[in-house]
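Peer 1: Take a look and give me a structure for this.
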Amino acid sequence: MRVIGPEKLESILGRLGLNPRVVASGNFATPHFLLHEVDKHLPAYRLHMLNAQAGIPNRPGVTYETAFVGPGMRNHDQLEYIPARLSLVPELLRDHYQPDVVLLNTSPIRHDTVSLGIEVNIMPAAIESARERGGIVIAQANKYMPYTYGDAQIYDDEIDYLIEVDEPLSEHNPRAIDECSRSIGEQIAARVLDNSTLQSGIGGVPDAVLSSLAKSKGLRIWTEMFSDGVLKLHQLGALDPDRALTASFLFGSRELYDWANLNTKIHMMRTEHTNNPGKIEKQAQMVSVNGALQVDLLDQANASRVNGRIYSGFGGQTDFIVGSLHSRGGQSFIALPSWHKKTDTSTIIPLLSNPVTSFQHSAVATENGIADAFGRSQSQQARNIIRFAAHPSVRDELTKAAIDLGLMSARP
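Peer 2: Sure thing, here's the model as predicted:
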């Protein structure tokens, strides 16, 4: 590894061929300085990031690639969406979308390592793929990035160039939990036993679930990401003190990042470890909670597309649903409001017209109740979704649709 100044980047990047593939840390670990330098010195390139946030380069000559669309790439004309479960994205980087250059946002040097900090995810796989085929790995060493352990630790011989650039990390300040999310969260939390293992996401419903578990005991964390709700559970003594927290990336406040810094109880692991259904199923009483845009009477969920156009992607939803259902005592919830306020339409519909993101969950949870699905016949499953999850104003309409689809008989 060579420590360099910014003036060296032009000659280094100039060695790349035409239209190279640039893989960069995503989510809230975006290396903005390095991306700016790449954009300044490369006329055309392919930018590959997961859940890219606003502020990434956007001009003719830049093609976006991703398996999970974030706000920085959403609805872009030059977006190439790659359908894939998050656990399989490392395989894509190895065999199909090999990087020419990898851009990292890391901690400062500590002994002979740096840390990927809050964003491990697919980056170890990207580093390995680049080095295997002669690509370049460049790290932006940043005093604001916490030093985390596990697969986050990268040795100096895995990095070609390091430039010291201090750049504050983006933070997520959660909104107040709305009444609908709180209702859904409380109902799901009522089914979570002490000593369960949680997949924790971000947003109103995951925040509501975690806040409703404040009096629980012995909770464990095995998740692709977590935010400040988990920190709160730690502060309240709800987590198992003898178990490390396992995640692949973090998304939250400066307080969360400071808590993660040099915290040996937090294991930041590569995504093919955290999202491996075979490892998820080994977790005690694994509980996954995932969101959706629509659910139909077959318990199929659309969590990826709006009006047929890609909005996000599979993410880790399919990985954790499968792993949780195979866990002894595990549960998988798909959660959503029963009514979409902006379009004034029901989110529970007879049959999806958009592609399916996931299907067959333990239960569908809305503010109206929890509709048990797993282990029920298709007719009972449809009845439960209509009776317990759907908005009251569309239950008669959904019942008629279920009869027309042959999911239910006209008999009471």
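Peer 1: which residues in the stretch 51-200 of the chain form strands?
Peer 2: Using DSSP state E, counting those that start in this stretch, the strands assigned to the stretch 51-200 of the chain run over residues 62-66, 79-81, 101-106, 113-115, 136-141, 149-150, 153-155, 161-164, 197-199.
Peer 1: Make JSON lines from those and add distance to N307 and mean neighbour count to it.
Peer 2: (Each C-beta comes from the backbone N, C-alpha and C, glycine too.) Listed next are the strands of the stretch 51-200 of the chain as JSON lines, based on distance: least, Cβ to Cβ, whole Å; neighbours: other Cβ atoms under 10 Å:
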{"stretch": "strand 62-66", "distance to N307": "19", "mean neighbour count": "21"}
{"stretch": "strand 79-81", "distance to N307": "15", "mean neighbour count": "16"}
{"stretch": "strand 101-106", "distance to N307": "33", "mean neighbour count": "27"}
{"stretch": "strand 113-115", "distance to N307": "41", "mean neighbour count": "23"}
{"stretch": "strand 136-141", "distance to N307": "38", "mean neighbour count": "24"}
{"stretch": "strand 149-150", "distance to N307": "40", "mean neighbour count": "19"}
{"stretch": "strand 153-155", "distance to N307": "41", "mean neighbour count": "18"}
{"stretch": "strand 161-164", "distance to N307": "42", "mean neighbour count": "18"}
{"stretch": "strand 197-199", "distance to N307": "28", "mean neighbour count": "28"}
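Peer 1: mind giving me CSV with those strands and columns for distance to G252?
Peer 2: Supplementary listing: those in CSV, determined by distance: least, Cβ to Cβ, whole Å:
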stretch, distance to G252
strand 62-66, 22
strand 79-81, 27
strand 101-106, 16
strand 113-115, 17
strand 136-141, 21
strand 149-150, 18
strand 153-155, 21
strand 161-164, 25
strand 197-199, 16
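Peer 1: Now render the ones you listed as JSON lines, adding mean pLDDT and distance to V23.
Peer 2: Formatted as JSON lines, the entries for the strands of the stretch 51-200 of the chain read as follows, by pLDDT from 0 to 100; distance: least, Cβ to Cβ, whole Å:
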{"stretch": "strand 62-66", "mean pLDDT": "97", "distance to V23": "9"}
{"stretch": "strand 79-81", "mean pLDDT": "97", "distance to V23": "14"}
{"stretch": "strand 101-106", "mean pLDDT": "98", "distance to V23": "5"}
{"stretch": "strand 113-115", "mean pLDDT": "98", "distance to V23": "17"}
{"stretch": "strand 136-141", "mean pLDDT": "98", "distance to V23": "10"}
{"stretch": "strand 149-150", "mean pLDDT": "98", "distance to V23": "20"}
{"stretch": "strand 153-155", "mean pLDDT": "98", "distance to V23": "14"}
{"stretch": "strand 161-164", "mean pLDDT": "98", "distance to V23": "15"}
{"stretch": "strand 197-199", "mean pLDDT": "97", "distance to V23": "25"}
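Peer 1: mind checking which of those strands is nearest V287?
Peer 2: Of all the strands of the stretch 51-200 of the chain, strand 197-199 sits nearest to V287, with 5.5 Å by Cβ to Cβ.
Peer 1: and the closest one, how far from the chain's centre?
Peer 2: Remark: strand 197-199 is offset 14 Å from the chain centroid, using Cα atoms, centre = their mean, to the nearest Å.
Peer 1: Over to stretch 376-388?
Peer 2: For stretch 376-388, the separation from the chain centroid amounts to 29 Å (computed by Cα atoms, centre = their mean).
Peer 1: okay, how far is it across it, tip to tip?
Peer 2: Here the two ends of stretch 376-388 are set 14 Å apart, with distance taken as Cα to Cα, to the nearest Å.
Peer 1: ok, residues contacting that stretch?
Peer 2: Applying Cβ atoms under 8 Å, 6 or more residues apart in numbering, the set of residues contacting stretch 376-388 from outside is 295, 297-299, 348, 364, 368-373, 395, 398-399, 402, 407-409.
Peer 1: List buried residues within these.
Peer 2: The neighbour-count criterion (16 or more other Cβ atoms under 10 Å) marks 295, 297-299, 348, 364, 368-373, 395, 398-399, 402, 407-408 among the contacts of stretch 376-388 as buried.
Peer 1: Those residues in helices, which ones?
Peer 2: Within the buried ones among the contacts of stretch 376-388, membership in helices is found for 395, 398-399, 402, as judged by DSSP state H.
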